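Peer 1: pasting the structure only:
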């Protein structure tokens with residue numbers, strides 16, 4: 001399957017290269033020929049116009065005894081991003097590693113992560129996503145559209161956080177059957193905790209642990225579930241008097257704002273992580289999903 005993906009991706013990239021005269025995509029032979037031309041151009045005194053052109057456009061960088069081709073950008077300021085040739089073990093594996101590290105994220109997240117490579121464009125990322133099996137499965141799961149509601153506005157970090165539970169009883173792992181999703185509304189920083197049940201006492205313990213780790217917030221928003229409206233949750237205000245607990249509209253998940261969207265993203269990333277690692281241990285996978293969500297690019 002992996003070999004088929006590589007072949008399909010490689011064929012699409014070469015087809016794009018042949019149809020686009022301005023493409024920076026290089027074959028393995030073109031890649032090393034260009035490095036040799038740069039070496040020759042740097043060693044001669046009487047240079048041709050073509051040699052001046054490639055010296056002003058490209059440069060060779062020694063990385064651990066390996067010569068890497070980089071592209072110059074701008075006259076005064078150089079970003080020096082690397083250029084990848086279309087050899088499968090270079091371009092395909094590099095994009096694949098970034099794609100998995102982003103939790104099979106969207107195009108903009110991948111473009112941001114791969115910005116160090118000059119010839120990995122949005123089109124190349126789209127070509128890779130089109131051959132990714134996990135992305136095709138995720139696209140089918142996310143076919144339905146949500147309801148657009150008025151956005152919730154926040155001023156700064158900690159002004160409003162949201163909490164919700166994700167039901168995992170159909171694929172319980174050991175004693176864990178639920179996921180608690182906690183998210184700061186403005187920064188989108190999330191904390192994921194596996195739960196053995198949705199009892200209010202366990203939810204309150206996890207919330208108190210989060211508050212002590214960071215700091216108590218101003219507004220905690222949740223739905224109307226009994227685990228969030230119980231007395232033990234309200235008693236958290238005895239420890240943090242300035243904490244305001246609000247609840248969304250009954251039977252109206254859209255009022256929960258971005259945490260409902262985060263629930264869908266977490267399930268998609270978690271399913272992809274389990275598929276990539278060939279395991280069903282989702283409580284362990286939550287740690288990696290949390291890291292991927294908190295380190296990936298967000299608009």
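Peer 2: Cool, the structure landed. Here the structure is a predicted model, which is why all the values come from computation and not from measurement.
Peer 1: please enumerate the helices of the stretch 101-250 of the chain.
Peer 2: 107-113, 122-131, 133-141, 200-213, 226-229, 231-234, 236-239 (DSSP state H, counting those that start in this stretch).
Peer 1: format those as CSV; extra columns: mean pLDDT.
Peer 2: Shown next, in CSV, are these (pLDDT from 0 to 100):
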stretch, mean pLDDT
helix 107-113, 80
helix 122-131, 83
helix 133-141, 69
helix 200-213, 86
helix 226-229, 70
helix 231-234, 73
helix 236-239, 76
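Peer 1: residue 8: which of these is closest?
Peer 2: helix 122-131 (4.7 Å; Cβ to Cβ). For every residue, glycine as well, the C-beta is placed using N, CA and C.
Peer 1: which ones are touching residue 105?
Peer 2: Contact analysis of residue 105 by Cβ atoms under 8 Å, 6 or more residues apart in numbering lists 99, 269, 292, 296.
Peer 1: closest to residue 177 out of the residues you listed?
Peer 2: residue 269 (19.5 Å).
Peer 1: that closest one touches residue 289, doesn't it?
Peer 2: Yes: using Cβ atoms under 8 Å, residue 269 is in contact with residue 289, at 4.9 Å.
Peer 1: where does pLDDT dip in the stretch 1-150 of the chain?
Peer 2: Along the stretch 1-150 of the chain, segments meeting pLDDT under 70 span 1-3, 21-23, 73-80, 82-89, 138-150.
Peer 1: ok, residue 97 to residue 65 distance?
Peer 2: Relative to residue 65, residue 97 is positioned 22 Å away (Cβ to Cβ, to the nearest Å).
Peer 1: quick one: which of those two has more around it?
Peer 2: Counted by other Cβ atoms under 10 Å, residue 97 and residue 65 do not tie: residue 97 has more neighbours, with 12 against 5.
Peer 1: all the strands of the chain, residue numbers only.
Peer 2: Taking DSSP state E as the test, the strands found in the chain are 58-63, 66-71, 161-167, 178-184, 190-195, 219-222, 244-247.
Peer 1: now the fifth one against helix 200-213, angle please.
Peer 2: What it means is strand 190-195. 140 degrees (axes from the mean of the first three to the mean of the last three Cα atoms, to 10 degrees).
Peer 1: so which elements touch strand 190-195?
Peer 2: Applying 3 or more Cβ pairs under 8 Å, 6 or more residues apart in numbering; DSSP states H and E, one finds that strand 190-195 makes contact with strand 178-184, helix 200-213, helix 258-277, helix 282-295.
Peer 1: worst mean pLDDT among these?
Peer 2: For these, the bottom mean pLDDT is recorded on helix 258-277, which sits at a mean of 83.
Peer 1: run through who's touching it.
Peer 2: So helix 258-277 is contacted by 100, 103-105, 133-134, 137-138, 141-142, 146, 152, 162-164, 166, 179, 181, 183, 185, 188, 190, 192, 221, 253-254, 280-282, 285-286, 288-289, 292-293 (Cβ under 8 Å, 6+ apart).
Peer 1: at 6 Å instead, please
Peer 2: By Cβ atoms under 6 Å, 6 or more residues apart in numbering, the residues outside helix 258-277 that reach it are 100, 103-104, 134, 138, 162, 164, 166, 181, 183, 253, 282, 285, 288-289.
Peer 1: turn the helices of the stretch 101-250 of the chain into JSON lines, columns for mean neighbour count and distance to residue 18.
Peer 2: Compiled in JSON lines, the helices of the stretch 101-250 of the chain are given as follows (neighbours: other Cβ atoms under 10 Å; distance: least, Cβ to Cβ, whole Å):
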{"stretch": "helix 107-113", "mean neighbour count": "18", "distance to residue 18": "23"}
{"stretch": "helix 122-131", "mean neighbour count": "18", "distance to residue 18": "14"}
{"stretch": "helix 133-141", "mean neighbour count": "14", "distance to residue 18": "25"}
{"stretch": "helix 200-213", "mean neighbour count": "16", "distance to residue 18": "54"}
{"stretch": "helix 226-229", "mean neighbour count": "17", "distance to residue 18": "58"}
{"stretch": "helix 231-234", "mean neighbour count": "14", "distance to residue 18": "62"}
{"stretch": "helix 236-239", "mean neighbour count": "12", "distance to residue 18": "63"}
